[in-house]
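Peer 1: Predicted coordinates and the sequence they were generated for:
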Amino acid sequence: MSHLDHTPSTPGKFKMDKSAYPYHGGRLRWHSSLAKLTFWSFVFIGVIFIFFYRSPRFHSDPSRRSLRTSSWGGPAWEKKVRTSARIRSRNGFSVLVTGAAGFVGTHVSSALKRRGDGVLGLDNFNDYYDPTLKRARQALLERAGVFIVEGDINDAALLKKLFEVVPFTHVMHLAAQAGVRYAMQNPGSYVHSNIAGFVSLLEVCKEATPQPAIVWASSSSVYGLNTKVPFSEKDRTDQPASLYAATKKAGEEIAHTYNHIYGLSLTGLRFFTVYGPWGRPDMAYFFFTKDILNGKSIPIFEGENHGTVARDFTYIDDIVKGCLGALDTAQKSTGSGGKKKGPAQLRVFNLGNTSPIPVTNLVTILERLLKVKAKRNVMKLPRNGDVQFTHANISLAHRELGYKPTTNLQTGLKKFVRWYLNYYSAAGKKADAR
Ligand SMILES: O=C(O)[C@H]1O[C@H](OP(=O)(O)OP(=O)(O)OC[C@H]2O[C@@H](n3ccc(=O)[nH]c3=O)[C@H](O)[C@@H]2O)[C@H](O)[C@@H](O)[C@H]1O
C-alpha cells in the first residue's frame, strides 16, 4: 500500500487508527473522555435548540412570520397612501381594506377600485401560505392603482397614522388567521390576528373622527356543532368545533361591545367556504387540484357510517357582491373621538351559496376539468375542527344586501382551474404553498 493510499479523499472522513498510538495513560484517557463528554453535550444542546427553534410553538408571536419588518412613514409614503385612497366617483367611499393581499381582500379591493372608490390596502404578508402568491396579488392591485401598506393590524401606531393621513369612511376588515385545521398547530396565531388584531383595529376606529363604518369577515364555522339546517343567523353559535371558529365567534361578541359602547357601525359576514381564482392554497379544492395533477393521493373525509361531508362552497364573485352590498348599506357610525352619540347599526349575515355539495362531488368535478383521475384516499373525518356539513340560509342577506349568488360549483371550479393552470404554468411557478 503506498503512502498516498492512507490519505483520505475527504478530510472529514479521516479517522485516527487508535493502534497507531500505543500510549493510553490514565490522564490522557480522562482528558479524552472529558473532551468527548463536552463535545456530545454541545451536540445534544444544539439538537434540542434546533428542534425548539423549528417548532411552530416557538414562534408563538405570529408577527414573526411576517417576512419583512414593516417600514412606513415619510412624505413619499403618505402621498402614495393618499393617492390610493382618493375617491374618484360621486358619493364614493374611501375604504381601508385589511388583508388586501389575501384571497378575498384582493378581489374586494379591485372591485371597489373599479367602481371609483378610494382603496388603501394593509397586509402583513405572513408566510402561512406561499407569500409569492400574495406578492403576485399585490402586483395585480398595484397595476389597478391600489397601494398595499406592509404592516400588521396589531401595530396601533401604524393604524393611527393611516387614519391621520386619510379620513376613511369605511373599513373592510379581512385580515385574519384563516384555516380550521391549522388552529391545532398554531393556536397563538389565531388569538393574535383574529382577537388581538381585531381589538387593535377597533380601538383606532373608535378614536377616529369621523368613525368609519366597519364590515368584517366572520365565518360559517361559528355554527359549529349546530345540526339545524340550513344555518340561519338566529341559530345558536355557542358550540364552536375549532379554535378558529371560537375566535370568529369572539369577534362577533367583540363587535357587539364596540357597537354598544362607542357607537361603531359593524357588519359581520359569515363566509361559507369561499373558492375561486387567486384562492388560498391551504384549502381543499386548491391542494386537491395540485395533488391530482401530481398523481398524489388525496385524503377525502367522510362522517360516521360513511356519512357525507359537504360544504356550501361559495364562489368569490358572489362573495364580492355580498361585501359591496354590505358596504353600500352600512350606516354611519354614530360616535366620534371615542364617544358614542347614539345607537349604531350592528349586523351579521350569512354569505353562502345555499346548495351544499359533497366533497366527493367536488373531486369528481375536478377530475373532469383536469382530465386526470384522482387517487382517492377516503378516511374518517379527523377530530381537528372540521364539521360535517354547512348550508347557509341567505334570506336575510338577500333582503338587506340584495345578495343573490349565481355561480354553481361546476362553473366556479372551471374558472378556478383555468386560472390555476395559467398561473402555475405561465411563470413556471410551483404550487408548493402548503
Ligand atoms: O366557511 C368557513 O368559514 C371556512 O371555510 C373554509 O374551511 P373549510 O370549509 O373547512 O374548507 P376546506 O379546508 O377547503 O375544506 C373543504 C372540505 O374538504 C374537506 N377536506 C379537507 C381537507 C382534506 O384533506 N380532506 C377533505 O376532505 C373538509 O372536511 C371540508 O368538508 C376555510 O378554509 C376557513 O378559513 C373558513 O373560512
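Peer 2: Done, it's in. Numbering: from 1, shown residues only.
Peer 1: What segments of the stretch 51-200 of the chain are helices?
Peer 2: Taking DSSP state H, counting those that start in this stretch as the test, the helices found in the stretch 51-200 of the chain are 75-85, 103-114, 131-143, 156-165, 187-190, 197-207.
Peer 1: deepest of these, which one?
Peer 2: helix 103-114 (a mean of 24; mean count of other CB atoms under 10 Å). For every residue, glycine as well, the C-beta is placed using N, CA and C.
Peer 1: and that helix, what's its mean pLDDT?
Peer 2: Helix 103-114 shows a mean pLDDT of 98.
Peer 1: Just want the angle from it to helix 131-143.
Peer 2: Per axes from the mean of the first three to the mean of the last three CA atoms, to 10 degrees, the angle that helix 103-114 makes with helix 131-143 is 10 degrees.
Peer 1: Those residues of the stretch 251-400 of the chain touching the ligand, which are they?
Peer 2: Phe271, Phe272, Thr273, Met283, Ala284, Pro299, Ile300, Phe301, Val309, Arg311, Val359, Asp386 (CB under 6 Å from any ligand atom).
Peer 1: what about the residue nearest to Thr169 when sequence neighbours are not counted, neighbour count?
Peer 2: Closest residue to Thr169 apart from its sequence neighbours, by CB to CB, 6 or more residues apart in numbering: Phe93 at 4.7 Å. Residues within reach of Phe93, counting by other CB atoms under 10 Å, total 22.
Peer 1: Just the pLDDT at Phe93, thanks.
Peer 2: If you check Phe93, the pLDDT there is 98.
Peer 1: Distance check, it against Leu159.
Peer 2: For Phe93, the distance to Leu159 equals 18 Å [CB to CB, to the nearest Å].
Peer 1: re the thing from before, can you tell which of the helices of the stretch 51-200 of the chain is closest to Thr227?
Peer 2: The closest of those to Thr227 is helix 187-190. By CB to CB, the value is 24.7 Å.
Peer 1: Output the contacting helices and strands for the closest one.
Peer 2: Packed against helix 187-190 by the contact rule (3 or more CB pairs under 8 Å, 6 or more residues apart in numbering; DSSP states H and E) you find helix 243-262.
Peer 1: Report the angle between the helix it packs on and helix 197-207.
Peer 2: 20 degrees.
Peer 1: Can you list the helices and strands that helix 243-262 packs against?
Peer 2: For helix 243-262, where contacts count as 3+ CB pairs under 8 Å, 6+ apart, the packed elements are helix 187-190, helix 197-207, strand 213-219, strand 266-271, strand 346-351.
Peer 1: remind me which residues of this structure are low pLDDT?
Peer 2: Along the chain, the parts satisfying pLDDT under 70 run over 1-70, 427-434.
Peer 1: where do the strands sit along it?
Peer 2: Ranges of strands in the chain, per DSSP state E, are 94-98, 118-123, 147-150, 170-173, 213-219, 266-271, 274-275, 297-302, 310-311, 314-315, 346-351, 357-358, 375-380.
Peer 1: In JSON lines, list those along with mean neighbour count.
Peer 2: Formatted as JSON lines, those follow (neighbours: other CB atoms under 10 Å):
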{"stretch": "strand 94-98", "mean neighbour count": "27"}
{"stretch": "strand 118-123", "mean neighbour count": "28"}
{"stretch": "strand 147-150", "mean neighbour count": "22"}
{"stretch": "strand 170-173", "mean neighbour count": "29"}
{"stretch": "strand 213-219", "mean neighbour count": "26"}
{"stretch": "strand 266-271", "mean neighbour count": "25"}
{"stretch": "strand 274-275", "mean neighbour count": "25"}
{"stretch": "strand 297-302", "mean neighbour count": "16"}
{"stretch": "strand 310-311", "mean neighbour count": "22"}
{"stretch": "strand 314-315", "mean neighbour count": "26"}
{"stretch": "strand 346-351", "mean neighbour count": "23"}
{"stretch": "strand 357-358", "mean neighbour count": "17"}
{"stretch": "strand 375-380", "mean neighbour count": "12"}
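Peer 1: So for the residue nearest the centre of the chain, what's the nearest residue that isn't a sequence neighbour?
Peer 2: For the chain, Ala178 is the residue whose C-alpha lies nearest the centre (CA atoms, centre = their mean; 3.9 Å). Distances taken as CB to CB, 6+ apart place Arg280 nearest to Ala178, at 6.7 Å, with adjacent residues excluded.
Peer 1: Surely the one you found and Phe286 touch.
Peer 2: Yes: contact criterion CB atoms under 8 Å: Arg280 and Phe286 qualify, at 6.3 Å.
Peer 1: sorry, back to before: output the helices of the stretch 51-200 of the chain in TSV, with distance to the ligand appended to each entry.
Peer 2: TSV is the format used below for the helices of the stretch 51-200 of the chain (distance: least, CB to the nearest ligand atom, whole Å):
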stretch	distance to the ligand
helix 75-85	27
helix 103-114	9
helix 131-143	15
helix 156-165	24
helix 187-190	11
helix 197-207	15
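Peer 1: Reformat those as CSV; add distance to Ser336.
Peer 2: Output for those, formatted as CSV (distance: least, CB to CB, whole Å):
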stretch, distance to Ser336
helix 75-85, 20
helix 103-114, 24
helix 131-143, 31
helix 156-165, 12
helix 187-190, 32
helix 197-207, 9
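Peer 1: do you know how far the residue nearest to the centre of the chain is from Glu150?
Peer 2: Distance from Ala178 to Glu150, by CB to CB: 19 Å.
Peer 1: Tell me which residues touch whichever residue of the stretch 301-434 of the chain sits closest to the ligand, please.
Peer 2: Closest to the ligand within the stretch 301-434 of the chain is Phe301: 3.7 Å, counting by CB to the nearest ligand atom. Residues in contact with Phe301 (CB atoms under 8 Å, 6 or more residues apart in numbering) are Val309, Val359, Met379, Lys380, Leu381, Pro382, Asp386.
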